[in-house]
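Q: Sequence and computational prediction follow.
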Amino acid sequence: MASLLREHVTEALTGLIVVAVAAAFLFFAWDRQGGGDRYAVTARFPNVSGVNVGTDVKLSGMKVGAVTAQTLDPATYQAVLTLSLDRAIALPLDSSAAITSDGLLGGAHIVLVPGAESEMLKAGDEISDTQGATDLMGLIGSFINRGGGDEKAAAPADAAQ
């Protein structure tokens, strides 16, 4: 066995490196999906465009958690997201959550805004004050169409006078 190992040292080292990288990847994935010292809350949104499992949850611009699950409520047709938050972050019960975009070409993330209640969210609670994702392309399209449409509509009315 020892002579076999001496003959194939590079293969053994390569295999060891592959196992170490796989273990590091598994630890990263476990931590990213809510493992460790976290608690889960839910939030219902009318529109979650751009949000997937793994999307960041931020408070004051700092990452404090991630989306760990998303389902569709068949009764209300709202998206139900499970948010895994750092246990060190204590949020008031009346806190709100909104889906915002990083820009026109950027991804989306969830922003938490703390409320003023003295009672704090616990594991399994639901954030009831939510705001869904804004359709930026729809807003741009309506702005472009509205800008051109108003001038054309005003021109015939002025000519008739």
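A: Good, I have the coordinates. Everything quoted here is computed from the prediction, not taken from an experiment.
Q: centroid residue for the chain?
A: The residue lying closest to the centre of the chain (C-alpha atoms, centre = their mean) is Thr55, at 3.0 Å.
Q: Not counting the lengthiest strand in the chain itself, show me its contacts.
A: The longest strand of the chain (DSSP state E) is strand 62-72. When contacts are defined by C-beta atoms under 8 Å, 6 or more residues apart in numbering, strand 62-72 is touched by residues 32-34, 38, 40, 48, 51-58, 78-86, 89, 110, 112. All C-beta spots, glycine's among them, are computed from the backbone N, C-alpha and C.
Q: tell me what the helix or strand following it is packed against?
A: Next helix or strand after strand 62-72 toward the C-terminus (DSSP states H and E): strand 79-86. Counting contacts by 3 or more C-beta pairs under 8 Å, 6 or more residues apart in numbering; DSSP states H and E, strand 79-86 packs against strand 38-45, strand 56-59, strand 62-72.
Q: gap between the residue nearest to the centre of the chain and Leu81?
A: From Thr55 over to Leu81 the distance is 9 Å, taken as C-beta to C-beta, to the nearest Å.
Q: Now the common contact residues for the two.
A: With C-beta under 8 Å, 6+ apart as the test, Thr55 and Leu81 both reach Val67, Ile110.
Q: Spatially nearest residue to Gln78, not counting backbone neighbours?
A: Computed as C-beta to C-beta, 6 or more residues apart in numbering, the closest residue to Gln78 that is not its neighbour in sequence is Arg44, at 4.5 Å.
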